[in-house]
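> Provide a 3D model corresponding to the input given below.
(one chain, ligands or ions: 1)
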Amino acid sequence: MIIDILTLFPEMFNTIFEQSIIKRAKELDKVVINIHNFRDYSLDSHKKVDDTPYGGGAGMVLTPQPIFDAVEDLRKDYSKVILLTPSGNVYKQKMAYDLSKEKHLIIICGHYEGFDERITTIADLQISIGDYVLTGGEIPSMVLVDSIVRLLPGVINEESHIEDSFNNNLLDYPTYTKPRIYKGLEVPEVLLSGNHEQIKKYRYEESLKKTKQIRPDLLEK
Ligand code: ADE
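Next up is the predicted model:
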């Protein structure tokens with residue numbers, strides 16, 4: 001998979017993709033991640049990328065030209081162009097699975113007070129990572145990349161994500177490791193039993209219980 005990220009703050013990405021699973025995925029050639037400063041595409045003599053909003057209002061708005069030109073330069077006929085915005089569809093694990101099947105993603109990080117609405121016409125998808133407003137699309141783009149790259153075949157053991165939270169609309173079951181008793185807190189007996197049927201049943205019931213308590217909305221789906 002190739003991921004091109006369009007941002008005004010490329011330095012924000014300096015360490016995040018050089019650690020842990022994403023670093024490994026890159027080393028294994030499962031993903032290539034390119035960070036582009038879309039200011040470089042500005043045709044303005046001062047490399048301006050924003051302007052005041054028509055009709056008045058606070059703040060500056062990203063102009064269409066640099067982003068249109070950057071996308072045109074990078075887009076292939078099979079690319080998926082994603083615009084990150086708090087007004088987009090709320091991101092879910094199912095979307096991460098679907099996007100992990102794509103060959104090429106172009107992710108546009110909005111910034112400042114917003115972007116010219118015409119930019120939405122070049123996006124295949126508009127995504128919000130949740131009902132809160134961040135200062136820009138950089139952190140949301142990191143969220144997308146992390147959640148997608150770990151699902152690429154061969155990046156992590158497939159069993160690990162089959163049992164992730166949100167598969168089957170259930171939260172993950174609780175897990176424990178050594179020691180057996182820590183500060184008086186004991187590991188549930190069933191996990192020590194070696195009885196795989198019982199363990200499977202326990203884990204399913206715990207998932208269900210946790211989901212009912214914390215995210216009953218998932219069970220309604
Ligand atoms: N940009 C600012 N807030 C955002 C959010 N919640 N999701 C995606 N992009 C954003």
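> neighbours around the nearest residue to residue 78 once chain neighbours are set aside, how many?
Residue nearest to residue 78 in three dimensions, not counting chain neighbours: residue 103, with 5.5 Å by Cβ to Cβ, 6 or more residues apart in numbering. Heads up, the C-betas are built off the backbone N, CA and C, glycines and all. A count of neighbours around residue 103, defined by other Cβ atoms under 10 Å, yields 10.
> Distance-wise, check residue 103 relative to residue 2.
7 Å (Cβ to Cβ, to the nearest Å).
> Please apply the same query to residue 78.
From residue 78 over to residue 2 (counting by Cβ to Cβ), the distance is 10 Å.
> what's the answer for residue 150, then?
Relative to residue 2, and taking Cβ to Cβ, residue 150 is found at 17 Å.
> Comparing these two, which residue is more hemmed in?
When neighbours are counted by other Cβ under 10 Å, residue 150 and residue 2 differ, and residue 150 comes out ahead with 19 against 15.
> what ranges do the strands span in the chain?
According to DSSP state E, the chain carries its strands in the segments 2-7, 32-37, 50-51, 61-62, 80-90, 104-109, 125-128, 181-182, 185-186.
> Now do the contacts for the residue nearest to the spatial centre of the chain.
What sits nearest the mean C-alpha location of the chain, by Cα atoms, centre = their mean, is residue 144, with 1.5 Å. With contact taken as Cβ atoms under 8 Å, 6 or more residues apart in numbering, residue 144 is in contact with 82, 84, 91, 96, 99, 107, 127, 129.
> of these, list those near the ligand.
Among the contacts of residue 144, the residues that sit close to the ligand (Cβ under 6 Å from any ligand atom) are 84, 129.
> what residues go with each domain of this structure?
Following automatic domain parsing, the chain resolves into domains at 2-158, 163-219.
> Give the rounded mean pLDDT of the shortest one.
Right, domain 163-219. Per-residue pLDDT values across domain 163-219 average out to 95.
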